[in-house]
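> please find the sequence and the predicted model below.
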Protein chains: 2
Amino acid sequence: MPIKEAVRPGGRSARVQEAVHQAVRELQAVTSRDDLTVPQIAERAGVTPSTIYRRWGNLAELVADVSVERMRPDADPVDTGTLTGDLQAWGEQYLEEMTSVPGQRALNDVMASADCERRERCYRYSESLMNTLRERALARGEFAPSVSQLIDGVVAPMTYRLLYDRESATVDNLRGWIARTLSSAHFRQRQD
Amino acid sequence: MPIKEAVRPGGRSARVQEAVHQAVRELQAVTSRDDLTVPQIAERAGVTPSTIYRRWGNLAELVADVSVERMRPDADPVDTGTLTGDLQAWGEQYLEEMTSVPGQRALNDVMASADCERRERCYRYSESLMNTLRERALARGEFAPSVSQLIDGVVAPMTYRLLYDRESATVDNLRGWIARTLSSAHFRQRQD
């Protein structure tokens, strides 16, 4: 997959990627998904269509690539003073984003991509975010579940319900997933 | 969406659906996904291509429709004598199916479908299966978590990891998800 090539920051390859991503984002703001075309994106980005085909293969993969970036969490998620609060604040924002029309489209673009490296990238984002929140909790002297407990207990049901049963991807259910994950990890730790 | 039309069992519509699904399954066994075409499927099913386009819209949606059927669980999952055993037996079989090449393809076809009714159908299958296992446990006099606890605790991390981090969709991890879901639901019940 050409997209896996090492991209040297500031190099020509990175500049092309940034220009093409930028063109997709701008066109998505004014054009419906079905009207988006590779020649149109190429023109706006100032590259040839064949540059896009060579690098991304087709429109679906390019759009998925741009959408993955949308999933990248903020480097510095809100610090509310407690792990429960931090998870809730992050989760509410994520649910709001992912139940919006552009968020749903981004999620669908990533799921439709034939390249499973994209979904793995989403996973690495979640893992790194959970690690940040966990480290912050430990630094405050709070108890914190492991990263994989946070993924299985909070990220997995949230994502599962966003994908399969959107109605139940709610702020209230999020509160329950967080509370249960923290209390059952705590309980198990006390048993050890 | 034409596919949501009520399909009267045994009626013409049901016969067409069965013939077309059967043709897709047979062709998938001998043809690579990229070589599958609507005219080829129509010929084998004895219908016109326009029948297929009218009903399913395009090849991707037809293939997704066939793949959803692959996700339908057995009416009668193995009875091992305990809820833990039943969940483990069902989950191991599901993981084996979903990490196989045809299973991965089916999962991807469903995720790529623009019609979210398909994913909801997968969700209803899981819900109904968890309900069967739970009722069976209660009839034995065992403790059993609620259906939504089973979905959030077992089905969600399993599906999340199959989609986003396939390496961690393992039989060992499944054992941990089941044990933690049962013990934390039990612990919470004792607290009430």
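In hand now; what should we look at? These figures come from a predicted structure and were not determined experimentally.
> state the pLDDT value of the residue nearest the centre of chain A.
Chain A has A:M71 as the residue nearest its centroid, 2.2 Å off, counting by CA atoms, centre = their mean. At A:M71, the model reports a pLDDT of 76.
> and whatever helix or strand A:E61 lives in, what's buried?
Under the criterion of DSSP states H and E, A:E61 resides in helix A:59-71. By neighbour count with 16 or more other CB atoms under 10 Å in any protein chain shown, helix A:59-71 contains the buried residues A:L59, A:E61, A:L62, A:V63, A:A64, A:D65, A:V66, A:S67, A:V68, A:R70, A:M71. From N, CA and C alone the C-beta is placed, and that goes for glycine too.
> contacting residues around the residue lying closest to the last one once chain neighbours are set aside?
If I follow you right, that is A:M71. Among residues not flanking A:M71 along the chain, A:C122 sits closest, at 4.9 Å (CB to CB, 6 or more residues apart in numbering or on different chains). Going by CB atoms under 8 Å, 6 or more residues apart in numbering or on different chains, A:C122 touches A:V68, A:M71, A:V110, B:Y164.
> look up how far chain B lies from A:R25.
21 Å (CB to the nearest CB, to the nearest Å).
> show me the contact partners of stretch A:27-39.
By CB under 8 Å, 6+ apart, stretch A:27-39 touches A:24, A:40-41, A:44, A:49, A:52-53, A:58-59, A:62-63, A:66, A:102, A:105.
> tell me the contacts of A:G10?
Per CB under 8 Å, 6+ apart, neighbours of A:G10: none.
> after the helix of greatest length in chain A, next one along is what?
Counting residues, the longest helix found in chain A (DSSP state H) is helix A:117-139. Going down the chain from helix A:117-139, the next helix or strand is helix A:147-150, by DSSP H and E.
> got the buried residues for that following helix?
A:V147, A:Q149, A:L150.
> I'd like the next helix or strand past it.
Toward the C-terminus from helix A:147-150 - assigned by DSSP H and E - lies helix A:156-164.
> what mean pLDDT does that next one get?
94.
> contact partners of that helix?
A:91, A:94-95, A:98-99, A:107, A:111, A:168-169, A:173-174, A:177, B:111, B:119-120, B:122-123, B:126, B:151-152, B:155-157, B:159-161, B:163-164.
> buried ones among those residues?
A:91, A:94-95, A:98, A:107, A:111, A:168-169, A:173-174, A:177, B:111, B:119-120, B:122-123, B:126, B:151-152, B:155-157, B:159-161, B:163-164.
> and the gap between A:E96 and chain B?
Applying CB to the nearest CB to A:E96 and chain B gives a distance of 19 Å.
> so which helix or strand takes in that residue?
A:E96 belongs to helix A:83-99, assigned by DSSP H and E.
> which strands or helices does that helix pack on?
Other helices and strands packing on helix A:83-99, by 3 or more CB pairs under 8 Å, 6 or more residues apart in numbering or on different chains; DSSP states H and E, are helix A:101-112, helix A:117-139, helix A:156-164, helix A:171-191.
> deepest-packed of those, please.
When these are scored by mean count of other CB atoms under 10 Å in any protein chain shown, the highest mean neighbour count falls to helix A:156-164 (a mean of 24).
> circling back to that earlier point, just give me the lowest mean pLDDT stretch among the helices and strands packed on helix A:83-99.
Minimum mean pLDDT among those: helix A:101-112, a mean of 82.
> contacting residues for the closest residue to A:V63 other than its chain neighbours?
The shortest distance from A:V63 to any non-neighbouring residue, by CB to CB, 6+ apart, is to A:D109 (4.9 Å). Neighbouring residues of A:D109 by CB under 8 Å, 6+ apart: A:A60, A:V63, A:A64, A:V66, A:S67.
> list phi and psi for A:S100.
phi -70, psi 160 (degrees, to the nearest 10).
> against B:T159, how distant is A:W56?
28 Å (CB to CB, to the nearest Å).
> kindly apply the preceding question to A:Q149 instead.
On the measure of CB to CB, A:Q149 and B:T159 end up 17 Å apart.
> same question, A:V110
For A:V110 relative to B:T159 (CB to CB), the value is 15 Å.
> what's the answer for A:M98, then?
16 Å.
> residues contacting A:E69?
Applying CB under 8 Å, 6+ apart, the residues near A:E69 are A:H21.
> gap between stretch A:21-36 and the chain center?
19 Å (CA atoms, centre = their mean, to the nearest Å).
> can you point out the buried residues in it?
Per 16+ other CB under 10 Å, stretch A:21-36 contains these buried residues: A:H21, A:A23, A:V24, A:L27, A:Q28.
> out of those, which one sits closest to chain B?
A:Q28 (16.4 Å; CB to the nearest CB).
> give me phi/psi at the closest one?
phi -60, psi -30.
> separation between it and A:A106?
10 Å.
> try A:L83
With CB to CB as the criterion, A:L83 and A:A106 are 27 Å apart.
> for A:L174, same thing?
19 Å.
> check A:V24 too.
11 Å.
> follow-up on the earlier one: buried stuff in the helix holding A:E96?
Buried residues in helix A:83-99 (16+ other CB under 10 Å): A:L83, A:T84, A:D86, A:L87, A:Q88, A:W90, A:G91, A:Y94, A:L95, A:M98.
> name the nearest residue to A:I41, sequence neighbours excluded.
The nearest residue in space to A:I41 (CB to CB, 6+ apart) is A:A23, at 4.9 Å.
> how far off helix B:101-112 does the helix holding A:E61 point, in degrees?
70 degrees (axes from the mean of the first three to the mean of the last three CA atoms, to 10 degrees).
> off-centre distance for helix A:59-71?
11 Å.
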